[in-house]
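A.B. asks: 3D model of this:
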Amino acid sequence: MSYKNSVRLLTSNFVIVWKQLLYMLVVCLLTAGIFYGAAYQSIEVLKAEGVIKELGNIFETMYTAPVDIVKAIVAAFSHMSAVLSANFSTLWLSLVSTALVGVLYYLLKNISMYNISSVMYMKMTSFASIGYTRNLISTLWQAVRYSFAKFVYSLPIFALKALTIYTYFNLVSSTLSMYIGIFIVMVIILLLSAIELALFTGMAGKMLDNNGNMSAFKAFFAGNVVVFKDLPRVYSNAIIVAITLVFVNAFLGLFTLGAALIITLPASMVFVSIFELTAFIGAKRERYYLTESLLANPSPKKK
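C.D. replies: Have a look, this model is predicted:
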């Protein structure tokens, strides 16, 4: 039910997607410039070794020889790993700086995710409309605390995903293992993404329940206490959400040469924030607005 209601709330509040798109364009422009400056030395080395050309060929392979796409990805990333490892003593500062830019992007993205949650929380609990930018400014400190705590708690999941990919590139030894391995990797990352989504389902909602006065670190655990009562339903819906986001972004991105991602990526962020709220409020067995005249009634608790 939370999945279905999330889709309905997304479509009826799609204006937030355009505002999120504008925010993310500003963030991307800001971090892209910093990223290029931090990664310049590494990029030059990769360019000289032909890695940049190999990475570019991946996109060409998608359309000219899709059957070879996995082979092209494995070859390019294996080559990149070898080049960076061989030049780590001279590139370490560039690599660390680049990673920090990635952290900055992650923090800025999640600041906006909290803002979406805050706007939608008011819409769902009292059907009050709040301006995106106005709310971003008024809840900025709450959003910063939320974003930093989420970054810290996300590190184990990120490490598991990175380890999965690293293991795959180091174990692939034949065409058969390449294709079987990529399927296994996709399943593992999908399940880890669903776990991550389920774990953070109640965090923003719990902070908003307390008007932003609860510690973000404490809200993570307090939110999970609420969601745990409804964990099987939340996790099963989280898997469906993860599959939906991968399919929609991959399918539309592939067949529009990436153009559709301009809309689907910010829409995915809004959808995730809405899903977290529907699952959290539903786990509390409280009603929330779907429209001005229609309320969602979560299933009663089992005795």
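A.B. asks: The strand or helix carrying L155 - what's its average pLDDT?
C.D. replies: Here L155 sits within helix 140-171, counting by DSSP states H and E. Across helix 140-171, the average pLDDT comes to 94.
A.B. asks: How far away from the center of its chain is the very next helix or strand once past it?
C.D. replies: Next helix or strand after helix 140-171 toward the C-terminus (DSSP H and E): helix 175-199. Put simply, helix 175-199 sits 15 Å off its chain's centre (C-alpha atoms, centre = their mean, to the nearest Å).
A.B. asks: so what secondary structure elements neighbour the helix or strand that helix 175-199 is followed by?
C.D. replies: Next along the chain after helix 175-199, taking DSSP H and E as the criterion, comes helix 203-209. In terms of contacts (3 or more C-beta pairs under 8 Å, 6 or more residues apart in numbering; DSSP states H and E), helix 203-209 is packed against helix 88-126, helix 140-171, helix 216-228, helix 261-283. (Glycine included, C-beta is placed from N, CA and C.)
A.B. asks: Need the ones you listed in a markdown table (columns: mean neighbour count and distance to L191).
C.D. replies: Shown next, in a markdown table, are these (neighbours: other C-beta atoms under 10 Å; distance: least, C-beta to C-beta, whole Å):
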| stretch | mean neighbour count | distance to L191 |
| --- | --- | --- |
| helix 88-126 | 18 | 21 |
| helix 140-171 | 16 | 10 |
| helix 216-228 | 18 | 17 |
| helix 261-283 | 23 | 16 |
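A.B. asks: looking at these, which is closest to N237?
C.D. replies: Proximity to N237, assessed across the helices and strands packed on helix 203-209 by C-beta to C-beta, is greatest for helix 261-283 (6.5 Å).
A.B. asks: tell me the contacts of Q20?
C.D. replies: Counting by C-beta atoms under 8 Å, 6 or more residues apart in numbering, Q20 touches S112, I116, Y132, P266, A267, M269, V270.
A.B. asks: Over to G223?
C.D. replies: By C-beta under 8 Å, 6+ apart, the neighbours of G223 are F200, T201, G202, M203, A204, G205, K206, F280.
A.B. asks: Pretty sure the fourth one sits against Y146.
C.D. replies: Pointing back at M203 there. Yes: counting by C-beta atoms under 8 Å, M203 does reach Y146; the two are 7.0 Å apart.
A.B. asks: Next, show the common contact partners of these two.
C.D. replies: With C-beta under 8 Å, 6+ apart, M203 and Y146 have common neighbours A216, A219.
A.B. asks: gap between the residue nearest the centre of the chain and A219?
C.D. replies: The chain has M269 as the residue nearest its centroid, 7.0 Å off, counting by C-alpha atoms, centre = their mean. As judged by C-beta to C-beta, to the nearest Å, M269 and A219 stand 20 Å apart.
A.B. asks: And M24, how far from S112?
C.D. replies: 7 Å.
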